[in-house]
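Trainee: Please find the sequence and the predicted model below.
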Amino acid sequence: MKRKNLYGLLMRVGVMLEAAALICLIATGVTSRKGKEEETKQTSAGGIWEVLEKHQRGEIVETQSGDYIKWVDFTVPADAMTKAYQYDVDSYGQEIHLNWIELLAYAAARQGGDFGKAAMKNIDECADELQKGRTMEILTEKLKYYPYYLEAYTAVLGGFVGEYEMDGEKRYGLKAYSPIAAGFYYTDYDDFGASRSYGYARPHLGHDMMGQIGTPIEIICGTCASKNDVQVFAF
């Protein structure tokens with residue numbers, strides 16, 4: 001009888017020890033996983049996590065760190081881009097070819113990124129001075145933030161305008177276009193940088209666009225490097 005009681009006691013103690021060990025393992029695993037997630041978060045390329053968190057809190061994030069720009073809000077209006085673009089296209093093939101991105105960056109540097117009437121006038125003034133033979137180096141030598149705006153706007157607009165061929169004919173102008181055919185309805189979400197939690201916590205690195213069934217859509221397949229370089233997108 002005493003042996004049975006002793007055996008039962010040992011069994012209960014053993015079960016309790018196993019349960020305690022299991023709890024410890026689970027707790028350790030959770031802590032380790034959180035630690036790995038935090039480590040990945042802290043080392044993600046360009047500090048995007050830090051930037052997005054600051055942006056969500058409403059803090060100013062239009063800053064420059066090291067040799068690269070970490071974040072910029074692109075707020076150039078369509079009329080300013082149209083004006084600068086027309087100068088670029090009209091001067092193509094001439095001795096002095098104006099660059100529309102440089103014109104926009106000049107106006108932004110003069111007005112602190114505000115594209116009101118003064119900035120529109122600055123675009124005209126810059127184009128006029130360049131056509132008279134002055135250089136961008138001379139015009140921008142006292143504009144501290146011109147390099148910043150030039151780099152930021154080039155990141156957004158670079159490659160939009162240039163030479164291309166259509167029906168065997170060489171042309172120059174706007175090369176960028178909507179992937180969805182004109183006249184077809186579609187919806188989209190301005191959710192770039194929004195939080196995603198499916199699978200693991202991360203920022204959304206795309207812009208979702210959805211057309212109706214039967215809508216002609218130009219599709220380019222590609223990849224987008226993201227956290228751990230495992231996220232693949234089809235555009």
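Mentor: Received the coordinates, thanks. All values derive from a computational prediction rather than experimental measurement.

Trainee: Stretch 202-215 spans what distance, first to last residue?
Mentor: The first residue of stretch 202-215 is 31 Å away from its last residue (Cα to Cα, to the nearest Å).

Trainee: Now do the buried residues in it.
Mentor: Of all the residues in stretch 202-215, those buried under the rule 16 or more other Cβ atoms under 10 Å are Arg202, Pro203, His204, Leu205, Gly211. To be clear about C-beta, it is placed using only N, CA and C from the backbone, and glycine gets the same treatment.

Trainee: can I get the residues you listed in TSV with secondary structure and pLDDT?
Mentor: TSV is the format used below for those (DSSP: H, G, I helix; E, B strand; the rest coil; pLDDT from 0 to 100):
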residue	secondary structure	pLDDT
Arg202	strand	85
Pro203	strand	84
His204	coil	81
Leu205	coil	78
Gly211	strand	84
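
Trainee: Format the residues you listed as CSV; extra columns: distance to Ala78.
Mentor: Formatted as CSV, the buried residues of stretch 202-215 follow (distance: Cβ to Cβ, whole Å):
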residue, distance to Ala78
Arg202, 32
Pro203, 27
His204, 25
Leu205, 25
Gly211, 23
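
Trainee: which two from these end up farthest apart in space?
Mentor: Arg202 and Gly211 (25.8 Å; Cβ to Cβ).

Trainee: closest to Thr187 among the buried residues of stretch 202-215?
Mentor: Within these, the smallest distance to Thr187 is 8.3 Å, found for Gly211 (Cβ to Cβ).

Trainee: Look up the closest residue to the closest one, ignoring the ones flanking it.
Mentor: Tyr186 (4.3 Å; Cβ to Cβ, 6 or more residues apart in numbering).

Trainee: do Leu157 as well
Mentor: Take Leu157 and drop its neighbours on the chain: the residue closest to it by Cβ to Cβ, 6+ apart is Ile101, 5.4 Å away.
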